[in-house]
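Participant: give the three-dimensional model of this entry:
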Amino acid sequence: MKDAEIPELGGGKRGKVRHVYSAADAHGEDILIISTSDRVSAFDVVLDRAIPYKGAILNAIAKWSFDQTQDIIPNALLRMPCSHIMIQKELVNIGFECVMRGYMWGSLATDYEKGMREKCGLPLMEGLLRYQKLAPPLFTPTTKARRGHDRDVTFEEMAVSLQQTLNPQGSAVNGWILARKVREISHLLYRRGEQLARKVGLTLVDTKYEFGLDSSGNLYLIDEIHTPDSSRYVVFSEWKQKWSGIQTTMESGKWPNVTQLLQDHPEFKVQELSKQLVRDLLIERGYDPNSGGSVTLRDEDVVETSARYIELYERLTRHEFDFKVDVPDGNGITATDASRP
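Facilitator: Okay, here's the model as predicted:
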């Protein structure tokens, strides 16, 4: 399902992957009807090819993960009338993406190799290598940018911003207390996600969380959780074996960093069960994220990406994926319908 729009519900807000509609249920409560498409984005660009079953898998993993973490924090999910639709409470988004990093990976590793020794106000020790496990994991919040890239912020900046934006009339919300609570819960959620992943032979490398407040100031987990679009997963045994080889090889001093080692020894690259596959494929095709340009996926790329999403769902949840997913057409998906059990 490449198009996530439901015309019967009006305009809504179109994102890279989801289309979100604000409505009220039969009891007058504000809700969000979230339609998740099979679209995929990379480097802030929505690609021209959709990934079969991707939307259904994202929702299925998110629902499963919401269920696995509701003892830590309540979530906004009310129900799923079909595989591509989530209905959530409409809450006040706190305006930050709370990124948890358990390993030197992705942009963190790239920036570190370029000389960065601080992330979101947190000092990074010398001698770290790409793919290295971090202890403890890092809480690295970013702003939620409507356009362009998100911006890193320190914990202190986050607390001050929460105080200013959520407490304009001197309400009961205390920005510093809320920031500490968000940080603590993010650590607990990441720990739970890593525990669940390790039970099935995986590792949760990094992930992000979003939070919202109701009218009484109660905190909820919103949007999605531990999906391959918001998280990186790898097979633990593969990481362990390749990390050992990387450590030994880097001791020679021949390579200044692991990225250059991987150019000579691509066999050390750890494969991900995440959207990173799409980014890697585009770079292999010659796409430059800095200069932009047209991007496309080949048939085999689409098949492999879909297969990895399905593999992650089945490994993580221990449930076989149902290929007979129901695709919404807008009929019957109404605000009143959302209030039904």
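Participant: when you work out contacts or count neighbours from here on, use the C-alpha atoms and nothing else.
Facilitator: Noted.
Participant: render the CA-only coordinates of the one helix or strand residue 300 maps to in CSV, please.
Facilitator: Element membership of residue 300, judged by DSSP states H and E, is helix 299-317. In CSV, the C-alpha atoms belonging to helix 299-317 read as follows (Å, rounded to 0.1, in the frame of the first residue of the first chain):
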residue,chain,number,x,y,z
ASP,A,299,13.3,-5.2,-7.9
GLU,A,300,15.8,-7.4,-6.0
ASP,A,301,16.3,-4.5,-3.5
VAL,A,302,12.6,-4.3,-2.8
VAL,A,303,12.4,-8.1,-2.3
GLU,A,304,15.4,-8.2,0.0
THR,A,305,14.2,-5.3,2.1
SER,A,306,10.7,-6.8,2.5
ALA,A,307,12.3,-10.2,3.5
ARG,A,308,14.4,-8.5,6.2
TYR,A,309,11.4,-6.8,7.7
ILE,A,310,9.4,-10.0,7.7
GLU,A,311,12.4,-11.9,9.2
LEU,A,312,12.7,-9.3,12.0
TYR,A,313,9.0,-9.6,12.8
GLU,A,314,9.0,-13.3,13.0
ARG,A,315,12.2,-13.6,15.0
LEU,A,316,11.2,-10.8,17.5
THR,A,317,7.6,-11.8,18.1
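Participant: can you check which helix is longest in the protein?
Facilitator: Residue-count comparison of every helix in the chain, with assignments taken from DSSP state H, identifies helix 175-199 as the longest.
Participant: low-confidence ranges in this protein?
Facilitator: Counting by pLDDT under 70, the chain has low-confidence residues at 1-5, 145-149, 168-172, 292-293, 325-341.
Participant: which residue lies farthest from the center of it?
Facilitator: No residue in the chain sits farther from the centre than residue 252, which is 36.1 Å out by C-alpha atoms, centre = their mean.
Participant: that one belongs to a helix?
Facilitator: No: for residue 252, which was evaluated using DSSP: H, G, I helix; E, B strand; the rest coil, the result is coil, with no helix membership.
Participant: residue 34 touches residue 19, doesn't it?
Facilitator: Yes: with the criterion set as C-alpha atoms under 8 Å, residue 34 and residue 19 qualify as a contacting pair; they are 5.9 Å apart.
Participant: give me the more crowded residue out of these two.
Facilitator: Taking residue 34 and residue 19 together and counting by other C-alpha atoms under 10 Å, residue 34 has the greater number of neighbours (24 against 20).
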